[in-house]
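Trainee: This is a predicted model, with the sequence first.
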Amino acid sequence: MKFDTVIIGGGLAGMVCGIRLTEAGKRCAIVSQGQSALHFSSGSFDLLSKLPDGTDIEDPLAGIAALGHTNPEHPYAVMGAKRCEKYALEAPELLRAAGIPVSGDCRRNHCRITPMGKARATWLTIDGYLTAEAPERLPFRKVCIANVEGFLDFYPEFIAEEFRKSGIECTFASINLPDLEQIRRNPSEMRSANIARVFDHEQNLEALAAQIRDAAATCDALILPAIIGLNRNDSLEVLRAKLPTPLYLLPTLPPSIPGIRAQQALQHRFRALGGEYFLGDSVLRAEYEGGRVKRIFTANHGNIPFEADSFVLASGSFFSRGLVATPDRIVEPVFEADTVHTPDRSQWYTLRFFGRQNYQAFGVCTDSSLHVIRKGEAIGNLYGAGAGLAGFHPVQEGCGAGVSLLSALYVADEILNSK
């Protein structure tokens, strides 16, 4: 099978890179061994919330510019502030074109409300989810927090405790329908995706509106966990039209409806543009000719290779096994790329769970064009993008989605502009 570009990894970086290339008329394939970490997303996309030294960031682009002086190994610094700004302006339009309606400004972070009710700085948030311009500035005096009976991935009391710190009065409403009884019999099935399938049916969405309408009438706003809209796009609008007060969604603990929907939307966009998506397949090995990747072989296709002019390694980090830890080193298993890591394993982590973990900055070595480096040499037609890149802490710095989005667009342009 011959393509212009083959992308290994079907997460945020892989999908966005594939979409940009197929938009430009390239024939692309994505090989993905399973569902990506996007399924665990909160409905927001971070660009940069903190500098590596812990300094809070209000203007992400200004923070990215500062990284060029303080942390030159950071992927943003490698790509350069000007190109990061370019892609930070383009990424929201790409997401919207794929059917992911997002709002936000790369010059000013806003606050998303987490599943535990806390405010966290972010760049883009899917429309309909509760946000604020700044912490402790929610524009409500009284809210009602509704939840499905027996749903354990949403915590109204914890959310209310955080809201009360801002002077917001909170009440609660309980939701129950006959069609929920079947999944309630097994607590392990009482997950957001299964509940959302119930509310994909029109009669159940109508019944939901009827159950929460009275509670909503006594409040400034109604808060609902993200348990609607798995396979239909109009669920939130339908509910809002039937309620007397504004309705906002809050993400739940994973798996998350906004993450699943975002993944589905990106896949649909990629395929609609002509891309070929191979889900449930894993790359076993690569063959090289003249210092370039010539072909790759996968588990499902046996001795039928994927050949391409260029390849993109977007297989992620440890979560998706794009990186593998052995007792003494970090391995990239597909191309055996060089990796950045500390030789002393005792320095890989700290016992403080929420502390800055060194292993999070481990990743694949690349040059300034994000060519992957193998045995000390840059491979001219192999690029790295996304969570597998070295030099950044996605959680502590609040930049995981941003690095994936911007590096994907950067790599796509490098491929399109290459001779």
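Mentor: Cool, the structure landed. Please read these numbers as outputs of a predicted model, since none were measured by experiment.

Trainee: what bits of the chain have low per-residue confidence?
Mentor: Low-confidence segments of the chain, defined by pLDDT under 70, span residues 135, 187, 353-354, 419.

Trainee: Can you list the residue ranges for helices in the stretch 101-250 of the chain?
Mentor: Listed in chain order, the helices of the stretch 101-250 of the chain (DSSP state H, counting those that start in this stretch) span 156-164, 178-184, 192-199, 202-217, 235-241.

Trainee: Would you tell me which one of those helices is buried the most?
Mentor: Using mean count of other C-beta atoms under 10 Å, the stretch among the helices of the stretch 101-250 of the chain with the greatest mean number of neighbours is helix 192-199 (a mean of 22). All C-beta atoms are positioned from the backbone trio N, CA, C, and that covers glycine.

Trainee: can you pull the contacts of the nearest residue to Ser282 once chain neighbours are set aside?
Mentor: Leaving out its chain neighbours, the residue that sits closest to Ser282 by C-beta to C-beta, 6 or more residues apart in numbering is Gln33, at 4.0 Å. For Gln33, the contact set (C-beta atoms under 8 Å, 6 or more residues apart in numbering) comprises Gly280, Asp281, Ser282, Ser320, Arg321.

Trainee: And for Ser235?
Mentor: Residues counted as contacts of Ser235 (C-beta under 8 Å, 6+ apart) are Phe199, Asp200, Leu205, Ile228, Gly229.

Trainee: sorry, back to before: please spell out the PyMOL selection for the buried subset of the contacts of Gln33.
Mentor: This is how PyMOL selects the buried members of the contacts of Gln33, with burial counted by 16 or more other C-beta atoms under 10 Å:
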select buried, resi 281+282+320
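
Trainee: which residues touch stretch 346-358?
Mentor: The set of residues external to stretch 346-358 that reach it, using C-beta under 8 Å, 6+ apart, is Ala325, His341, Thr342, Tyr359, Phe362, His393, Gln396.

Trainee: meant to ask about stretch 181-201
Mentor: With C-beta under 8 Å, 6+ apart as the test, stretch 181-201 has contacts from 148-153, 177, 179-180, 204-205, 208, 225-232, 235, 252, 255-257, 260.

Trainee: can you rerun that using 7 Å?
Mentor: Taking contacts as C-beta atoms under 7 Å, 6 or more residues apart in numbering, the residues outside stretch 181-201 that touch it are 148, 150-153, 177, 179-180, 204-205, 208, 226-232, 235, 252, 255-257, 260.

Trainee: Give me the subset of those residues lying in strands.
Mentor: With strands identified by DSSP state E, the entries of these that belong to them are Val148.

Trainee: Quick one, which of the contacts of stretch 181-201 are buried?
Mentor: In terms of neighbour count (16+ other C-beta under 10 Å), the buried residues within the contacts of stretch 181-201 are 148, 151, 153, 177, 180, 204-205, 208, 226-230, 235, 252, 255-257, 260.

Trainee: Break this structure into its domains for me.
Mentor: Domain assignment for the chain, taken from automatic domain parsing, gives 2-102+260-417, 130-250.

Trainee: Please identify the most buried of those.
Mentor: Compared across those, domain 2-102+260-417 shows the largest average neighbour count, a mean of 20 (mean count of other C-beta under 10 Å).

Trainee: Identify the residue spatially nearest to the residue most central in space within the chain, adjacent ones excluded.
Mentor: Taking C-alpha atoms, centre = their mean, the centroid of the chain lies closest to Leu38, which sits 4.2 Å from it. Closest residue in space to Leu38, ignoring its immediate chain neighbours: Gln263 at 4.7 Å, by C-beta to C-beta, 6+ apart.

Trainee: Give me the three-state assignment for the residue nearest to Val395 when sequence neighbours are not counted.
Mentor: Among residues not flanking Val395 along the chain, Gln360 sits closest, at 6.7 Å (C-beta to C-beta, 6+ apart). Reduced to three states with DSSP: H, G, I helix; E, B strand; the rest coil, the structure at Gln360 is helix.

Trainee: residues in contact with Gln360?
Mentor: For Gln360, counting by C-beta under 7 Å, 6+ apart, the contacting residues are His393, Pro394, Val395.

Trainee: my read: the second one touches Ala401, true?
Mentor: What that stands for is Pro394. No - the pair Pro394 / Ala401 is not scored as a contact, 8.2 Å apart, by C-beta atoms under 7 Å.

Trainee: Could you verify that Cys17 is part of a helix?
Mentor: Yes - for Cys17, which was evaluated using three-state DSSP, the result is membership in a helix.

Trainee: re earlier: I figured the residue nearest to the centre of the chain hits Leu12, correct?
Mentor: Yes - distance between Leu38 and Leu12: 5.3 Å, which falls inside the contact criterion (C-beta under 7 Å).

Trainee: and for these two, which residues touch both?
Mentor: Here Leu38 and Leu12 have no joint contacts, going by C-beta under 7 Å, 6+ apart.
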